[in-house]
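A.B. asks: Sequence first, then the predicted structure:
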Amino acid sequence: MILLVDLCCRDGSLSRDEFVAPVERLLGRLGVMSVTRHYTAVGAPEIESADAVILCGTALMDTGYLERPELFRWLLSFERPVLGISSGMMALAAAFGSGTEPCREIGMADVRVLAPDPLFAGQEEFSAYTVHDCAVQVPGEFVALAASDRCVQAIRHRSLPLYGVLFHPEVRNEWVIERFCGLAGRQSP
C-alpha cells in the first residue's frame, strides 16, 4: 500500500482535486492500492503500514507544511521508498534541514538528467510541467539527479530510497510515478 500525503492548506481543500486526485487516479489505473491522509493527520499507524509514500504537491500559496517540518521528521528513518512531488520535494528537503530559494517556473521546462538512476533510466532529457515559486537547496545527504536551466528538478538520498521531483509527473510524465511504483515493488516499471 502506498501512503499519499496531501500537503494542501487543509484537509479536503479544492487544491486536493488538482494535486492529489490525479495521483490517486493514476495509482488506481496501475492497480496500486493507496490511502490518502492530510499531512497533519499522518501518524504511526499510516507510516508503519505503508510500503511506500508519495508526498503530493499543492498550490503555490499552500506553504503551511514548510512551517511544520517536525511533522516530516519520520522521513529521516523511513527506509522504504518515498517520492516527493513539487511541494513534497520541499517537505522532504525540510525534514533533512534544508531550505528553499526563490525560483519561479510555471509551465513546461526542459529537464536534463545529471546522474544515472533507475527512476530516469533511458532518459537524457525530457519536458516536464512545473509550477513553483521556490527551488530546493539540496540537502547534504542527497544528490541532484536532474535539473532545468533554472534549478535542480530531482534529488535522491545517497543511501535511502528517498526521491524528490520539483516538476509534476502526474501532469505530463506519468512514467516517473510508474517507475517509482516499480522501485517500491508495487508493479513492474
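C.D. replies: Arrived safely, thanks for sending. Numbers count the residues shown, from 1 in each chain.
A.B. asks: So for the protein, the centremost residue is which one?
C.D. replies: Nearest to the geometric centre of the chain sits G84, at 1.5 Å (Cα atoms, centre = their mean).
A.B. asks: list the helices and strands the host helix or strand of that residue packs on?
C.D. replies: G84 is part of strand 82-85, with elements assigned from DSSP states H and E. The contact analysis (3 or more Cβ pairs under 8 Å, 6 or more residues apart in numbering; DSSP states H and E) places strand 82-85 against strand 52-55, helix 87-95, strand 162-165, helix 174-183. Backbone N, C-alpha and C define where each C-beta goes, glycine included.
A.B. asks: Please name the strands paired to that strand in the sheet, noting orientation.
C.D. replies: strand 52-55 (parallel), strand 162-165 (parallel) (DSSP bridges).
A.B. asks: Could you identify the helix or strand that succeeds the helix or strand bottoming out on mean pLDDT in the chain?
C.D. replies: Least confident helix or strand of the chain, by mean pLDDT, DSSP states H and E, is helix 15-19 with a mean of 91. Remark: after helix 15-19, the chain's next helix or strand is helix 21-30, criterion DSSP H and E.
A.B. asks: Tell me the buried residues in that following helix?
C.D. replies: Neighbour-count burial for helix 21-30 flags 21-24, 26-27, 30 (criterion: 16 or more other Cβ atoms under 10 Å).
A.B. asks: Tell me which two of those sit farthest apart.
C.D. replies: Based on Cβ to Cβ, the longest span within those runs between A21 and L30 and measures 15.0 Å.
A.B. asks: Partner strands of the longest strand seen in the chain and their direction?
C.D. replies: Secondary structure of the chain per DSSP state E: the longest strand is strand 100-113. In the sheet, strand 100-113 lines up against strand 125-136 (antiparallel), strand 142-147 (antiparallel) (DSSP bridges).
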